[in-house]
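> Mind folding the following:
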Amino acid sequence: MIARDQPVTTMPAAGPTPASPRARRGMPPTVWGLGPVQLHDRYWAHHGVQVVRPGDDSISLEARLYLLAEPSVLVTFESGDQIPSLGGSDPVVVYVRVHDVRERGYRERVVTDGADRFVRFERIYSRPARQLIRAAFTPDPRLAEAWRLATSAHAGWVALRERVPREQRSILSTGGVLYDAAADAELARMVRDLTRVWAGPGWTIGRAGEVAAGVWADRTVAIDAGARFVGPVWIGAGRRVDPKMTLIGPLVLWDDPAARPAPDPVTWPLGAPRPSPLHKRIDPLTNSARRIGSFFKRSFDLVFSVVALAVTLPFYPLIMLAIWLDDGRPFFFAHRRETIGGREFPCFKFRSMHSNAERMKQQLVHHNQADGPQFYMAKDTRVTRVGRLLRKTRLDEWPQFFNVLVGHMSVVGPRPSPFKENQFCPPWREARLSVRPGITGLWQVKRTRRAGQDFQEWIRYDIEYVENASFWLDMVIIVRTVGAILGGLIPRRRRKQKTAPEVTPVTVALEGGDAA
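Residues are numbered from 1 along each chain as shown. The predicted structure follows:
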């Protein structure tokens, strides 16, 4: 279950997604014909639970459990493990006190200048409208009917106390995520969260079919074979996904209002998930190929890192001695970076900067030559004499093979970046955090260091790698990395003789800023 509200992810080149679940005409948007509240109820139906509110039309006698909820409350548990235990509980009514586990949430918006040019992303923090609600579970349809017929939630609670003896009640206090059905922002947040926690909406929504891992689309949607997806995506009726389009989740493409379908009814009791016609368009080997590719890449990383460590470990004492003679201890530097899924890990390197590099950075910030969140200086005074040699030959990154060995990193992937840098450009962040970062990568071997373009190239090559990742691309990047390192060792005079003055040579990425 989601414990923190995540930032809104924008969709590149796919048209605007409504910022609010309520359309401008006053009618809430839908996906697969269902509005946000109906999606919430279908999520519970997936678990065999019917949500019942005072004033509802009817209840089904085939539901395994009934969730008695107040009209304005939408809730999901922090863990779904409680649901099976509630179904087999002895008490007739289980009162559930749900504490919202979300920390201070936020949403992101784009800030532009007077000429409508991008300036920055701005976070707006908020707190959930309610921190504590109560609900109740019961397997008894008579109690669910009494709750449905109650004139208000207060009257419903009174009716339950009158009908159920104290010895047949119990209380469960649990963590979860609460949403206010009366607030548009809460509804939008809930639908976005459901894309992450609801593994199979096609079980209770006949129109939805899984067209790729984590991607569910209406049966009327045409998916081009060239389209790519990163993260969970829901695609409503009447939408078209063009070739070469990349959709980055969590993302919901609402139904086209002109093609909004009627919602499919819930048929109790629920059976096995029904196949969708879209399943016929999917290559059945696609998911298996991805799993095999992931296994092969991880196996290659393990073998490569073991061999690399066996070859390089004998040189560690010499490198450590050089660092000690030049600038004393420590020999290693560990910086907090983010890996797949946004999990933090300590990224190890041989120390190549002075021990007070962080304090020096505050004085050098106005010399930053990078146009993005990273810090870069062509002649960084924080780098030691030995550090320059280590960086030029990439020897400072040898300890990262330990990170590869334990699964934090891969040999090839996007540059490992800290949380602070990953807050720029949400689609780029979500894409690069969908794979493990690498010791080397496409950006490191292809960037040009042109003024004002470094950050754009960083985004471009990271997304390009995620979209086209393959074993052969990794091999090309490794070969080009070795070539760039060897090319960097050639004396400057000889390189000038072989390279035309107007051609910008490809250089290896030399990390500056927070990593020492």
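> Every contact and neighbour count from this point should use C-alpha atoms.
Will do.
> Please enumerate the helices of the stretch 51-200 of the chain.
82-87, 141-149, 153-163, 184-197 (DSSP state H, counting those that start in this stretch).
> Out of these, which is closest to residue 421?
Among the helices of the stretch 51-200 of the chain, the nearest to residue 421 by C-alpha to C-alpha is helix 184-197 (23.5 Å).
> how close does residue 475 get to residue 413?
12 Å (C-alpha to C-alpha, to the nearest Å).
> Taking the centroid of the protein, which residue is nearest it?
residue 430 (5.0 Å; C-alpha atoms, centre = their mean).
> Not counting residues beside it along the chain, what's closest to it?
residue 248 (7.0 Å; C-alpha to C-alpha, 6 or more residues apart in numbering).
> isn't the one you found right up against residue 233?
Yes - judged on C-alpha atoms under 8 Å, residue 248 makes contact with residue 233 at a distance of 7.4 Å.
> can you list the domain ranges for this structure.
Per the record, the chain has its domains at 36-265+274-281, 287-498, by automatic domain parsing.
> other SSEs contacting the longest strand along the chain?
Counting by DSSP state E, the longest strand found in the chain is strand 169-180. Other helices and strands packing on strand 169-180, by 3 or more C-alpha pairs under 8 Å, 6 or more residues apart in numbering; DSSP states H and E, are strand 73-77, strand 93-100, helix 184-197.
> Sheet-wise, list the partners of it with their directions.
Within its sheet, and counting by DSSP bridges, strand 169-180 is paired with strand 73-77 (antiparallel), strand 93-100 (parallel).
> For the host helix or strand of residue 317, output the C-alpha coordinates as CSV.
Following DSSP states H and E, one finds residue 317 within helix 316-327. Provided in CSV are the C-alpha atoms of helix 316-327 (Å, rounded to 0.1, in the frame of the first residue of the first chain):
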residue,chain,number,x,y,z
TYR,A,316,43.4,-1.4,-4.1
PRO,A,317,46.3,-1.1,-1.6
LEU,A,318,48.3,0.9,-4.2
ILE,A,319,45.4,3.3,-4.8
MET,A,320,44.7,3.6,-1.1
LEU,A,321,48.4,4.4,-0.5
ALA,A,322,48.3,7.1,-3.2
ILE,A,323,45.2,8.7,-1.7
TRP,A,324,46.8,8.6,1.8
LEU,A,325,50.0,10.2,0.6
ASP,A,326,48.2,12.9,-1.3
ASP,A,327,45.4,13.9,1.1
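> Report the buried residues of that helix.
316, 319-320, 322-323, 327 (16 or more other C-alpha atoms under 10 Å).
> what about residue 315, how many neighbours?
By the criterion of other C-alpha atoms under 10 Å, residue 315 has 11 neighbours.
> That should have said residue 463, apologies.
22.
> secondary structure class for it?
helix (DSSP: H, G, I helix; E, B strand; the rest coil).
> pretty sure it contacts residue 429?
No - under the criterion of C-alpha under 8 Å, residue 463 makes no contact with residue 429, lying 9.3 Å away.
> need the strands for the stretch 151-300 of the chain, in chain order.
169-180, 208-212, 215-218, 222-223, 228-230, 233-235, 240-241, 246-248, 251-253 (DSSP state E, counting those that start in this stretch).
> What helices and strands are in contact with the last one?
Applying 3+ C-alpha pairs under 8 Å, 6+ apart, one finds that strand 251-253 makes contact with helix 184-197, strand 233-235.
> The shortest one pairs with which strands, and in what direction?
Right, strand 233-235. Strand 233-235 is paired, per DSSP bridges, with strand 215-218 (parallel), strand 251-253 (parallel).
> Outside of that strand itself, list whatever touches it.
The contact list for strand 233-235, computed with C-alpha atoms under 8 Å, 6 or more residues apart in numbering, reads 31, 195, 214-218, 221, 247-255.
> and the domains of the chain as CSV, adding distance to residue 27 and mean pLDDT?
Compiled in CSV, these are given as follows (distance: least, C-alpha to C-alpha, whole Å; pLDDT from 0 to 100):
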stretch, distance to residue 27, mean pLDDT
domain 36-265+274-281, 10, 79
domain 287-498, 28, 80
